[in-house]
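>>> With the sequence up front, the predicted model follows.
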Amino acid sequence: MHDSYLNINEIVSSSDLDKLNELIKIIRDGKCIAFVGAGLSKSANYKDWEEAIKGKNGLIEYVFENKDLDKIDKSKKLIDLAEDCKKHNFDRYRDYLLKEYGRRAAPYVYHPNHQQIWKIPFHCIFTTNFDPCLYDAGRSLNILSRVFCYPLFSIPPLEKSLNHLHGLAFDTGDDIEYIDTIIFAQSEYTNAYKGPNNYLKDLLHFSMLKYTIFFTGFSMKDPFIFDIFKDIYQNIRYRSEEVNKKLNVQIPISKHYILFPHGEPDQELLTDLRLLNINVINYNPINNNFVGQDYILHYLLSESSGNIIKMPSLKDSII
């Protein structure tokens, strides 16, 4: 038995704890959206994009069937490599994505962190992942209300909905042609972010304006989505300044928060995030089992829901 329990100060600094407590108040008010990236899926043994595309038994090897691999320029951007694979053999490109990011014949696929995301009273969940982790975790708890998928979303986003911004690679049983929704290769990104369909940008613009967004497992390395965040924030700030100038009315601009392990992000990204009013919360990554992130999510759940959740002290739990 453990005689000591979670002390959040073992995980974050006092300044980051202040940010967490600010975030908790916003969550309690129902004004926060969780934005989940690939970092959470890695905890359920899904590959990140670099490993999935360039790694052993990855997309390149699968599509090119291990032939002429020396002719492939792996210094290209990941979305360009994915595009090369798509053009070389679309059927194998499609099959790989379904195999790698599908349910793998299991009835449910998720990590406890995916359930924690659902238990925290976020308004809804956004994700750029294709895998079923959040969908299955929401089903397992009977919390998920509706799933939306690129290119069609509800604006405003529905409460307790799951929004797959970049599509999905598994069958939900709904009328979604799921493989046709995936944004992975260069042409798919260009069509989604620069084409005539503005649902994705409209959804993100509305959400950044009306809600606080909490990013977790999201590195901000995706150039298209980061650029659209910049465009949206500049638009929101311009309109706020114009209203203030002409009507002398202060329009508050939503704060957003992003979770990073200590040592991240680099100074360049940190500067960009500050310009977008995205506040970095750093935590101590205790080991390779995502324990630090576990503690952050448990703290958010405990403090925002009012249900006290005791967790063993790190001093007792490190293996």
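Received the coordinates, thanks. Not measured: the values here are computed from a predicted model. Residues are numbered from 1 along each chain as shown.

>>> residues touching K160, list them.
Residues near K160 by CB atoms under 8 Å, 6 or more residues apart in numbering: 123-124, 138, 143-146. For glycine as for every other residue, the C-beta is placed from the backbone atoms N, C-alpha and C.

>>> State the distance from it to Y150.
According to CB to CB, to the nearest Å, K160 stands 19 Å off from Y150.

>>> Give me the helices and strands touching the helix or strand hosting Y135, please.
Here Y135 is covered by helix 133-140, with elements defined by DSSP states H and E. Applying 3 or more CB pairs under 8 Å, 6 or more residues apart in numbering; DSSP states H and E, we find helix 133-140 packed against helix 112-119, strand 125-127, strand 161-164.

>>> Convert that helix to PDB, retaining C-alpha atoms only.
What follows is helix 133-140, C-alpha atoms only, in PDB (Å, rounded to 0.1, in the frame of the first residue of the first chain):
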ATOM      1  CA  CYS A 133      -8.300   5.200 -29.700                       C
ATOM      2  CA  LEU A 134     -10.500   8.200 -28.800                       C
ATOM      3  CA  TYR A 135     -13.500   6.800 -30.500                       C
ATOM      4  CA  ASP A 136     -13.100   3.400 -28.700                       C
ATOM      5  CA  ALA A 137     -12.400   5.100 -25.400                       C
ATOM      6  CA  GLY A 138     -15.500   7.300 -25.700                       C
ATOM      7  CA  ARG A 139     -17.600   4.300 -26.500                       C
ATOM      8  CA  SER A 140     -16.200   2.300 -23.600                       C
END
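
>>> Would you mind pulling the contact partners of it?
36, 40-41, 44, 46, 103, 108-111, 114-115, 117-118, 125, 127, 144, 147, 160, 162, 168, 170, 172.

>>> In the next helix or strand along the chain from it, which of the residues would be classed as buried?
For helix 133-140, the succeeding helix or strand toward the C-terminus, using DSSP H and E, is strand 146-149. The neighbour-count check on strand 146-149 (16 or more other CB atoms under 10 Å) flags 147-149 as buried.
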